[in-house]
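1. my questions are about this predicted structure, shown below with the sequence.
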Amino acid sequence: MSSRISIARPASGGGGGGYQPDPHGFGNSRPSAGYRAANPDDPIEKLRAFARQVEDYVEIYTQPLRPHLPAIGRFMIVSTFLEDSWRIVTQWGDQIWYLGRHRHFPWGLSHLFLTINVITMLVGSGAVITKRYSEYAVGGLLGVVIMQAIGYGLIFDLNFFLRNLSVIGGLLMVFSDSMYTRKKLFAGLPSLSETDRKKYFLLAGRVLLIFLFLGFMIRGEWSIVRFLVSLIGLAACIMVAVGFKAKWSAAFLVLTLSVFNVFINNWWSVHSAHPQRDFLKYDFFQTLSIVGGLILLVNMGPGGFSVDEKKKTY
């Protein structure tokens with residue numbers, strides 16, 4: 001016996017009205033196209049294929065460096081603090097004179113201000129590099145950024161402000177990289193799990209890191225090459241901020257900012273007596289610090305609050 005159930009059709013009546021499978025017309029009369037394969041000639045598919053290929057290359061060629069990326073990123077992030085502490089020590093007299101003459105620091109307070117800055121930067125940088133008490137070290141270095149902005153009267157300087165936002169973003173990436181359970185530090189946030197806190201810090205770090213490139217866009221003279229680099233870099237910054245292809249975008253910014261840093265902030269080519277040398281040196285090490293934050297982003301990924309992570313979920 002056949003396992004199929006046969007359905008008897010009614011006999012044809014007058015007018016030739018036979019059996020109709022959908023007498024009320026509720027069905028879809030168009031035949032189903034089934035699964036449609038992606039068209040390889042479609043420009044969007046070509047772009048997606050190219051993006052996947054670039055990501056594969058990034059994964060392959062960074063694989064030997066991957067175990068060392070956290071250490072490299074951490075060292076580069078604190079490089080601006082190490083350079084700044086060295087500059088204060090070697091230019092101690094000039095720093096005291098500037099704070100007293102232009103910032104009206106009383107004698108003794110300027111010495112205390114510089115001493116606290118140097119000790120905090122050296123101790124904090126060492127703790128970040130060695131991954132010991134990184135949370136406290138990040139807090140101390142954040143305090144230095146705020147103290148210097150107020151002490152040197154640079155808090156309303158737009159370029160300084162944007163650069164230091166990016167430095168703060170790099171420090172938040174360090175915090176995210178080294179985060180582990182410390183209930184006593186988060187006693188006021190009992191509802192947040194360790195994973196949730198890391199998501200928030202990664203999001204804040206990602207957003208703040210891109211401000212250096214925005215500062216690069218609004219300063220200097222424009223040219224066709226600068227316009228194209230700025231346009232592509234702005235797209236990469238937006239992708240980093242929203243967490244879309246974040247590793248690829250961060251790797252692109254690492255490469256772009258590194259090339260920019262070497263050719264534009266080449267302080268070593270300026271005579272030691274030239275006043276521009278210190279400004280270029282300062283910009284060089286701050287950019288290096290932000291590149292370190294982007295390297296940590298390449299290593300860790302964008303975190304939970306990102307398009308990349310949502311794509312994995314859905």
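-> Right, received. Where do you want to start?
2. where does the stretch 151-300 of the chain have low pLDDT?
-> Along the stretch 151-300 of the chain, segments meeting pLDDT under 70 span 179-196, 217-221.
3. what backbone torsions are found at P64?
-> Dihedral angles of P64 (phi, psi; degrees, to the nearest 10) stand at phi -60, psi -30.
4. and for it, the neighbour number?
-> Neighbourhood size, P64 [other C-beta atoms under 10 Å]: 8. (Each C-beta comes from the backbone N, C-alpha and C, glycine too.)
5. go on, A137?
-> A137 has 26 nearby residues by other C-beta under 10 Å.
6. contacts only, for it.
-> Taking C-beta atoms under 8 Å, 6 or more residues apart in numbering as the contact definition, A137 lies against V123, G124, S125, A127, V128.
7. do the same with S166
-> Residues near S166 by C-beta under 8 Å, 6+ apart: L208, L209, I210, F211, L212, G215, Q286, S289, I290, G293.
8. and the contacts of A137 as CSV, adding distance to G151?
-> Shown next, in CSV, are the contacts of A137 (distance: C-beta to C-beta, whole Å):
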residue, distance to G151
V123, 19
G124, 17
S125, 19
A127, 23
V128, 22
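9. what about F156, which SS state?
-> Here F156 is recorded as coil under DSSP: H, G, I helix; E, B strand; the rest coil.
10. any idea how far A149 is from it?
-> Distance, F156 to A149, by C-beta to C-beta, to the nearest Å: 9 Å.
11. out of these two, which sits in the busier spot?
-> Between F156 and A149, counted using other C-beta under 10 Å, A149 has the larger neighbour count: 16 against 8.
12. residues in contact with that one?
-> I155, F160, F161, N164.
13. ok, now which ones touch H102?
-> Contacts for H102 (C-beta under 8 Å, 6+ apart) come out as G153.
14. confidence score at it?
-> You'll see H102 listed with a pLDDT of 91.
15. tell me the spacing between it and I88.
-> Separation of H102 from I88 (C-beta to C-beta) stands at 16 Å.
16. do P70 as well
-> From P70 to I88 the distance is 28 Å (C-beta to C-beta).
17. helix or strand: which one has the spatially closest residue to I155 that is not a sequence neighbour?
-> Closest residue to I155 apart from its sequence neighbours, by C-beta to C-beta, 6 or more residues apart in numbering: A149 at 4.4 Å. Using DSSP states H and E, the element containing A149 is helix 134-151.
18. return the distance of whichever helix or strand comes after that helix from the chain's centre.
-> Heading C-terminal from helix 134-151, the first helix or strand you meet, by DSSP H and E, is helix 158-177. Distance of helix 158-177 from the chain centroid (C-alpha atoms, centre = their mean, to the nearest Å) equals 10 Å.
19. equivalent analysis for stretch 240-259, please.
-> With C-alpha atoms, centre = their mean, you get 7 Å for stretch 240-259.
20. pull out the buried residues from it.
-> Across stretch 240-259, burial judged by 16 or more other C-beta atoms under 10 Å covers 240-254, 256-257.
21. then stretch 84-100?
-> Within stretch 84-100, judged by 16+ other C-beta under 10 Å, the buried ones are D84, S85, R87, I88, Q95, I96, L99.
22. among these, which ones are in helices?
-> With DSSP state H as the criterion, helices contain D84, S85, R87, I88, Q95, I96, L99 from among the buried residues of stretch 84-100.
23. L172 contacts L208, correct?
-> Yes - at 6.7 Å, L172 counts as touching L208 under the criterion of C-beta atoms under 8 Å.
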